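Asker: next come a sequence and a model predicted from it.
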Amino acid sequence: MSEIIEHSTSVVPGDGKLEILLIEDDPGDAFLFEELLDEELPDAHILQARTLREARERLHPGVHCVVADLSLPDAEGLDLLRQVLDMAPRSAVLVLTGRSDAAVGVAAVASGAEDYLIKHEVDGPLLARAIRYALERKRAEDSERELMEAQIRSEENARIELGLLPVPLINDPDLHHHTRYRPGRERALLGGDFYDTVQTSDGSVHLVIGDVCGHGPDEASLGVRLRMAWRTLVLAGHTGTDLLGTLDTVLCHERWSEEIFTTLAMITVAPDRRSARFHMAGHPAPLLFGDASAEALPDDAYGPALGLFPGSEWPAAELELSGHWSFMLYTDGLIEGRIGGGADRLGTEGLVELAAGARGRGLTGDLLIDHLVAEVESLNGEALTDDLAVVMLSGKASR
Amino acid sequence: MRHVELKVSTASQGGHAVVSVYGEVDLYTAPRLQAELASLVRDGAGRVVVDLSGVEFCDSTGMNVLLSAMKRLREHGGTLELAAPRPAVRRILQVTGLDTVFSVHDALPALEGT
């Protein structure tokens, strides 16, 4: 019985045949073990190998359990065990030792074997029990490891989200700051959306929102680095196209592949809160709310997304502000929802319409954002595919 | 969950290829377009024109796939051009500034030798 058998997809013994690989160079011992196994576990399918090399050839992913003699012609002891564990990471491993070296068995368990058996003391029931026990123990270890990995992943995501979605640095009681971040339909799929708000010593308030194209931990981590770079540059007194040029350079140095681009919108509100200057780098237009109105910022100040052309320029546009005003910056997740059965998407125009309706009903701040996100989702008919980020800054022009 | 269809087909002749795309390119369907373009890059295609006339929507993931294919093709002296984008797709190209990165044709150009 030394044929390589076809791949078995059953991982749970009981669903299919229990696959056991016996690695034993002594033909007498091998025969004995096969007899014992046949008797105690009649449903098991036994593969045999006489050397580590043969074991490597016969092993396949459907093998549930490897029973290995720790003394083979081509390897022995703990070194042999390590090689077996490496080649069969999903199998439970039992080792066989001689009567005189039980200490090796104990060391083997400490090194990752599920259990050890002393040859010539093994009978059928003991062997069967040891195998079942080893399978259970392996399964428990695997689930525990998966659980730990999931916990680590989720903690990692939470940390990254903290980096992406920071506490604003504002010191003006007359300003109100609201943010929202919603992961996309597949929650684990962390996107590269980021935002930040910083007040500088002259009283100006700077807002940014950005979106690293793509989804995943690399994109999210790049988003964190860009946000940190933006905050640092703003605090160091950089603004406008000069700041964006430096950020563009940072992106080009930090990205892992040349096609990674980032869209971004940036607004600076003057200390008297009566004017603002904005820059756009390939990003959907932010909205400006007045006392009872909502409009998209004019698109005459468009520059390209970051990471597309070296030496790009981003023109600035100025806005006069009066009365109560709010800026709402968002990522494309908010405007790429569907608006019916077809392929049509909401777009900035659709968002402006929803926003004007909501403002007309007197909604502001968190309520306004919640209302808009709910409307967008309801039009889409299901949870949005992409993640979305919204940051809103509200204030009042001084007289 | 809505299953969005994306169909991608390629007609090639003498190193020139026209990739016709039908449907919506987003996070879920972009890998299909990526696979098609990657195989053209592997086969050493020279001039690749992506016919976007059948594309109703393309998000930034889709743009990223096009950009990536263009850079890979250029490394081997090839080109990637876009043809006949619908207004919704042209809009995204304009907003991101990608309309100046790609050469964009209003209609599908006739390829020499085809």
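Answerer: Good, I have the coordinates.
Asker: which ones are touching whichever residue of chain A sits closest to chain B?
Answerer: Residue of chain A nearest chain B, by C-beta to the nearest C-beta: A:Pro304 (2.6 Å). All C-beta atoms are positioned from the backbone trio N, CA, C, and that covers glycine. Neighbour list for A:Pro304: A:281-282, A:312, B:96-98, B:100-101 [criterion: C-beta atoms under 8 Å, 6 or more residues apart in numbering or on different chains].
Asker: could you list which of these belong to helices?
Answerer: Counting by DSSP state H, the contacts of A:Pro304 place B:Thr96 in helices.
Asker: mind putting the contacts of A:Pro304 into CSV with pLDDT, neighbour count and distance to A:Arg273?
Answerer: Shown next, in CSV, are these (pLDDT from 0 to 100; neighbours: other C-beta atoms under 10 Å in any protein chain shown; distance: C-beta to C-beta, whole Å):
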residue, pLDDT, neighbour count, distance to A:Arg273
A:Ala281, 96, 26, 24
A:Gly282, 94, 28, 28
A:Ser312, 89, 18, 30
B:Thr96, 91, 25, 31
B:Gly97, 90, 22, 31
B:Leu98, 93, 23, 35
B:Thr100, 89, 13, 36
B:Val101, 91, 20, 38
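Asker: what is the nearest of the contacts of A:Pro304 to A:Leu235?
Answerer: Nearest to A:Leu235 out of these is A:Ala281 (C-beta to C-beta; 20.0 Å).
Asker: could you pull up the residues touching the closest one?
Answerer: If you count contacts by C-beta under 8 Å, 6+ apart, A:Ala281 has them with A:244, A:262-266, A:303-306, A:314, B:97.
Asker: need the residues of chain B near chain A, please.
Answerer: Residues of chain B lying near chain A by C-beta under 8 Å from any C-beta of the partner chain: B:1-2, B:24, B:26-28, B:56-57, B:59-61, B:63-64, B:67-68, B:70-71, B:88, B:91, B:95-98, B:100-101.
Asker: kindly list the longest helix within chain B.
Answerer: helix B:60-75.
Asker: where do the helices of chain B begin and end?
Answerer: For chain B, applying DSSP H gives helices covering B:30-42, B:60-75, B:87-96.
Asker: most tightly packed of the ones you listed?
Answerer: Among the helices of chain B, helix B:60-75 has the highest mean neighbour count (mean count of other C-beta atoms under 10 Å in any protein chain shown), at a mean of 21.
Asker: between it and helix B:30-42, how big is the angle?
Answerer: Going by axes from the mean of the first three to the mean of the last three C-alpha atoms, to 10 degrees, helix B:60-75 is angled at 0 degrees with respect to helix B:30-42.
Asker: export helix B:60-75 as PDB, just CAs?
Answerer: What follows is helix B:60-75, C-alpha atoms only, in PDB (Å, rounded to 0.1, in the frame of the first residue of the first chain):
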ATOM      1  CA  SER B  60     -11.000  54.400  -9.000                       C
ATOM      2  CA  THR B  61     -10.200  50.700  -8.700                       C
ATOM      3  CA  GLY B  62     -10.900  50.400 -12.400                       C
ATOM      4  CA  MET B  63      -8.800  53.500 -13.200                       C
ATOM      5  CA  ASN B  64      -6.000  52.000 -11.200                       C
ATOM      6  CA  VAL B  65      -6.100  48.900 -13.200                       C
ATOM      7  CA  LEU B  66      -5.900  50.900 -16.500                       C
ATOM      8  CA  LEU B  67      -3.100  53.000 -15.200                       C
ATOM      9  CA  SER B  68      -1.100  50.000 -14.000                       C
ATOM     10  CA  ALA B  69      -1.500  48.300 -17.400                       C
ATOM     11  CA  MET B  70      -0.400  51.400 -19.200                       C
ATOM     12  CA  LYS B  71       2.800  51.700 -17.100                       C
ATOM     13  CA  ARG B  72       3.600  47.900 -17.600                       C
ATOM     14  CA  LEU B  73       3.100  48.300 -21.400                       C
ATOM     15  CA  ARG B  74       5.300  51.400 -21.600                       C
ATOM     16  CA  GLU B  75       8.100  49.500 -19.900                       C
END
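Asker: how far out from the middle of the chain is it?
Answerer: With C-alpha atoms, centre = their mean, to the nearest Å as the basis, helix B:60-75 stands 8 Å off its chain's centre.
Asker: I'd like to know which elements the longest helix of chain B is packed against.
Answerer: Here helix B:60-75 touches strand A:205-215, strand B:16-25, helix B:30-42, strand B:47-58, strand B:79-83, helix B:87-96, going by 3 or more C-beta pairs under 8 Å, 6 or more residues apart in numbering or on different chains; DSSP states H and E.
Asker: Serialize the ones you listed to TSV and add fields for distance to A:Pro125.
Answerer: Formatted as TSV, these follow (distance: least, C-beta to C-beta, whole Å):
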stretch	distance to A:Pro125
strand A:205-215	54
strand B:16-25	62
helix B:30-42	52
strand B:47-58	65
strand B:79-83	68
helix B:87-96	69
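Asker: closest one to A:Leu18 among those?
Answerer: Nearest to A:Leu18 among the helices and strands packed on helix B:60-75 is helix B:30-42 (37.7 Å), distances taken as C-beta to C-beta.
Asker: now do that closest one against strand B:16-25, angle only.
Answerer: Using the same axes, to 10 degrees: helix B:30-42 against strand B:16-25 is 170 degrees.
Asker: hmm, back to that, can you list the helices of chain B in CSV and add distance to A:Arg53?
Answerer: CSV is the format used below for the helices of chain B (distance: least, C-beta to C-beta, whole Å):
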stretch, distance to A:Arg53
helix B:30-42, 36
helix B:60-75, 41
helix B:87-96, 56
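Asker: no more questions from me, cheers.
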